[in-house]
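>>> Sharing a model prediction with you, sequence too.
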Amino acid sequence: MEDKIYDLGSGFWSIRGSFIKNGILDIGVQCALVKLSSGRFIFLDSYTLTDDVREQVMALTNDGQDVEAVLNVHPFHTVHCEQMAKDFPQATFYGSRRHPKQAPNVQWSNDLVESDAVAKRYPELEFSLPKGIYYIAPDESVHASSLLVFHPASLSIYVDDTFEIPPSKLINNVQADLGLHPTTLKALKDEPNAGKEYCDWTTQLAHKWREVRNFCGAHSGLVEFEEGRFEAALLSAIDRARPELEA
């Protein structure tokens, strides 16, 4: 899969990359470039930029000098962090508690990416951390949770793993449907109301971010929703899953 960059308008660029799983299947991966009101830039997630995409990013960001931070929002997407730190050495790197263990050569900020301190620093974005499931699951194969990001100016939602578009929908090019990550059930916290908490959080998110038009999913590609369709699709997904999650 060739790396591509998509200008979604209002200072938000979706960057689609390649990630080969088990040496066979390219499930894709992403990062995003966001222009701040100050004129400077931040990245959501780390990715090794190459060729045309790298040239475009460097042209936008004064050869990388205007990139002030990289917000690594998924605890388990750590492969490209050290290369990103080499490419943008002046940037502040934010991550979860897991990131420094996986990428020890990066100088990580003491402020965790999911903290209120980071959210307040970037009012151009809205953040939401799933409730009821582990952000960093004890089982390393469970990747359901990530810090979700909404960019109101471009109506773009940035999601690593937590919600995804079923592949059949992408192939058939029909209006996108949404699903929950397959490990969501395993990600539930060992608490009595964890399932209900997660379902309620998802429902509230669907209403709060109902205006979403661009869905940037790590392994789902870039999908455009018709007006009002994101809210309906997410509510439908959680309604289907609620009985099992709450049980």
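Arrived safely, thanks for sending.

>>> Please count neighbours and contacts with C-alpha atoms only from this point.
Fine.

>>> and stretch 55-69, which residues are buried?
Neighbour-count burial for stretch 55-69 flags V57, M58, L60, T61, G64, D66, V67, E68, A69 (criterion: 16 or more other C-alpha atoms under 10 Å).

>>> ok, now stretch 232-242?
Judged by neighbour count (16+ other C-alpha under 10 Å), stretch 232-242 contains these buried residues: A233, L234, L235, A237, I238, A241.

>>> swap in stretch 185-202?
Neighbour-count burial for stretch 185-202, counted by 16+ other C-alpha under 10 Å, picks out 185-189, 194-202.

>>> can you check stretch 105-117 too?
If you call a residue buried by 16+ other C-alpha under 10 Å, then stretch 105-117 has these buried ones: V106, W108, L112, V113, E114.

>>> What mean pLDDT does that stretch get?
Stretch 105-117 carries an average pLDDT of 98.

>>> Flag the shaky bits of the protein, pLDDT-wise.
By pLDDT under 70, the low-scoring segments of the chain are 1, 18-28, 166-176.

>>> max-length helix in it?
Across the chain, the longest stretch assigned as helix under DSSP state H is helix 229-246.

>>> Which strands and helices lie in contact with that one?
Other helices and strands packing on helix 229-246, by 3 or more C-alpha pairs under 8 Å, 6 or more residues apart in numbering; DSSP states H and E, are strand 179-180, helix 194-208.

>>> which strands and helices sit next to the last one?
Going back to what we said before, that points to helix 194-208. Contacts defined by 3+ C-alpha pairs under 8 Å, 6+ apart place helix 194-208 against helix 229-246.

>>> What lies in contact with stretch 100-118?
Contacts made with stretch 100-118 from outside it, assessed by C-alpha atoms under 8 Å, 6 or more residues apart in numbering, are listed as 71-73, 78-79, 81-82, 85, 92-97, 129, 147.

>>> Check those for burial and list the buried ones.
For the contacts of stretch 100-118, burial is judged from neighbour counts taken by 16+ other C-alpha under 10 Å, and it is met by 71-73, 78, 81-82, 85, 92-97, 129, 147.

>>> Go through these and flag which are in strands.
L71, T92, F93, Y94 (DSSP state E).

>>> and which of the residues you listed is nearest to L222?
Proximity to L222 was ranked across these by C-alpha to C-alpha; first place goes to L71, at 19.6 Å.

>>> that older thread, minimum distance to S10: which of the helices and strands packed on helix 229-246 has it?
The closest approach between S10 and any of the helices and strands packed on helix 229-246, judged by C-alpha to C-alpha, belongs to helix 194-208 at 20.1 Å.

>>> Give me the distance from the closest one to the chain's centre.
Centroid separation between helix 194-208 and its chain, computed with C-alpha atoms, centre = their mean, to the nearest Å, is 18 Å.

>>> Which SSE is immediately downstream of that helix?
strand 214-217 (DSSP states H and E).
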